[in-house]
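*Asks:* Sequence plus predicted model, see below.
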Amino acid sequence: MMSKPSLKNIAYVFYYHRDNFYSLNAIAGALETDEIFESIDFYFVPSRSKLIDTLEEVVKKYNKTIVGISFYTTQLLETQDLIQTIKRKFKNKTIIVAGGPHPTGDPFGTLQMGVDIVVVGEGEETIIELTQRIVNNEKFDDVKGIAYINENKKYNYTGKSNIVNLDEYPPFPVKSTRFGAIEITRGCPYVCYFCQTPYLFGTKPSHRSIEIICKYVQELKNYYGDLTFIRFITPNAFSYGSKDGKNLNLEKLEELLFKTKEIIGKKGKIFLGTFPSEVRPEHVTTDTLDLVLKYADNDNITIGAQSGSQKVLDSCHREHTVQDIYNAVALTLENNLKINVDFIFGLPEETEEDIKLTIQVMRDLATKDARIHAHSFIPLPQTPFANVPVKRIKDLYKNEIKSLISRGFAFGDWKKQERIAIKIGNYMKKLNLK
């Protein structure tokens, strides 16, 4: 009688969704820096259906299967359904570890969805130590930066993890060749009340050094050759090297761009001030635009305006003026660059008068050939606006944005975001999580 083949030790299956692979790249990259990497097989699965199919096979081959998931609040309901499907089909054959913006903002609610362990905040150091414990069948109750339900069915949060030194970890997994944008700055001093970034990563910016950034630019060059495209992840595209994130250090930023360009060569391309990193309006100056024109290959930049009402801007703690928005648009267009301007509809404390002011600003900018990027307000956990009731977008906004879209002056998923916001609001109320 033939004996059964022995099972491999552990598989790490990442739900490598296109909206979340930047954060998963950081986690997978961190795991590659530890010797534990040699004892793990990694799977990167891009869709829900492929994830289920992959797990069907993986759980048969490994002693343990970790499922890594990162998600935003906008993905809350679809992620909940996915987690419940995994739990129903695979029972206790998987360990679901979740991190990212929503799990960090609402770890208890995420555990209630069926997740086994939540990584709270910066995850590089935490995920290595946690995975070591799982691989070695050891307790993980003293691993900082996680939340879980203990054996007594009590919620347990182990406390904040150490601040991550970005230079100690790669921005993406090199050995697994899952490349992407390079995170150059983490943390934001502008505590905008609708944004999770400062609450996830703090208000003091930390920067990956030029030397280390260039190391990974070279990795991309080695892999892609002459057609290497470089994108940066940062809360504010012009703030690299700044000590406080507010007073710019353009000498440092130019050094980064110059050295990056040296590595990728004439056929390589740098994108600065576009997705996934926009620009604050008051930081659009002749000097910053000169850097875009000199080193970058994008023909446009994106700025965050959010409202055309100074009262609403102040209530959101934006720390810039309506005039800053006008100035940024005018200066950008004067320099022969296109510009996209983000606005958020339905912000808290917004009155009909505020809506009319915002509409007027959008009209003014459209006449100058700026494009409006329309968003709907979604309350995010752990922000000052987390408990604000979700409102339907006013007809004033709807009529105006439809007119701008029909003339080619606006775009965005604001209608989809409005539907999601209402569903999420109802879900959070139902679970009494707000």
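*Replies:* That came through fine. Residues are numbered from 1 along each chain as shown.

*Asks:* for this protein, what are the low-confidence residue spans?
*Replies:* Under the criterion pLDDT under 70, the flagged ranges of the chain are 1-8, 431-434.

*Asks:* 80 instead?
*Replies:* Across the chain, the ranges flagged by pLDDT under 80 are 1-8, 276, 428-434.

*Asks:* How is it divided into domains?
*Replies:* Domain ranges of the chain: 8-157, 166-430, per automatic domain parsing.

*Asks:* export those domains to TSV and tack on mean neighbour count?
*Replies:* For the C-beta atoms, the positions are set from N, CA and C on the backbone; glycine is no exception. Formatted as TSV, the domains of the chain follow (neighbours: other C-beta atoms under 10 Å):
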stretch	mean neighbour count
domain 8-157	19
domain 166-430	18
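
*Asks:* In contact with the closest residue to Tyr223 other than its chain neighbours, which residues?
*Replies:* Distances taken as C-beta to C-beta, 6 or more residues apart in numbering place Phe179 nearest to Tyr223, at 6.3 Å, with adjacent residues excluded. By C-beta atoms under 8 Å, 6 or more residues apart in numbering, the contact set of Phe179 is 172, 219-220, 223-224.

*Asks:* run the last query once more with 10 Å
*Replies:* 25, 171-173, 216, 219-220, 223-224, 228 (C-beta atoms under 10 Å, 6 or more residues apart in numbering).

*Asks:* which two in these are spaced the farthest apart?
*Replies:* Pro173 and Thr228 (17.7 Å; C-beta to C-beta).

*Asks:* Let me know the distance separating the residue nearest to Tyr223 from Pro170.
*Replies:* Relative to Pro170, Phe179 is positioned 10 Å away (C-beta to C-beta, to the nearest Å).

*Asks:* Please identify every residue contacting each of these two.
*Replies:* 25, 216, 219.

*Asks:* follow-up on the earlier one: can you put the contacts of Phe179 in a markdown table and add distance to Gly273 and secondary structure?
*Replies:* Converted to a markdown table, the contacts of Phe179 look like this (distance: C-beta to C-beta, whole Å; DSSP: H, G, I helix; E, B strand; the rest coil):
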| residue | distance to Gly273 | secondary structure |
| --- | --- | --- |
| Asn25 | 21 | helix |
| Pro171 | 19 | coil |
| Phe172 | 21 | coil |
| Pro173 | 27 | coil |
| Tyr216 | 20 | helix |
| Glu219 | 23 | helix |
| Leu220 | 19 | helix |
| Tyr223 | 25 | helix |
| Tyr224 | 22 | helix |
| Thr228 | 19 | coil |
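
*Asks:* mind listing what Leu253 touches?
*Replies:* Counted by C-beta under 10 Å, 6+ apart, Leu253 has contacts 184, 210, 237-242, 272, 287-288, 291, 295.

*Asks:* Would you double-check that it falls in a helix?
*Replies:* Yes. Counting by DSSP: H, G, I helix; E, B strand; the rest coil, Leu253 is found in a helix.

*Asks:* circling back: any idea which helix or strand carries the residue nearest to Tyr223?
*Replies:* Phe179 is part of no helix or strand, with elements assigned from DSSP states H and E.

*Asks:* Can you report phi and psi for it?
*Replies:* When read as degrees, to the nearest 10, the backbone of Phe179 gives phi -90, psi 160.

*Asks:* likewise the one 10 residues further on?
*Replies:* Dihedral angles of Pro189 (phi, psi; degrees, to the nearest 10) stand at phi -80, psi -10.

*Asks:* pretty sure it contacts Thr203?
*Replies:* Yes. Assessed by C-beta atoms under 10 Å, Pro189 is found in contact with Thr203 at 4.9 Å.

*Asks:* between those two, what contacts are shared?
*Replies:* 244-245.

*Asks:* show me the contacts for the nearest residue to Gln218 once chain neighbours are set aside.
*Replies:* In space, and not counting its chain neighbours, Gln218 is closest to Ile263: 5.5 Å by C-beta to C-beta, 6+ apart. By C-beta under 10 Å, 6+ apart, the contact list for Ile263 reads 213-215, 217-222, 228, 230.
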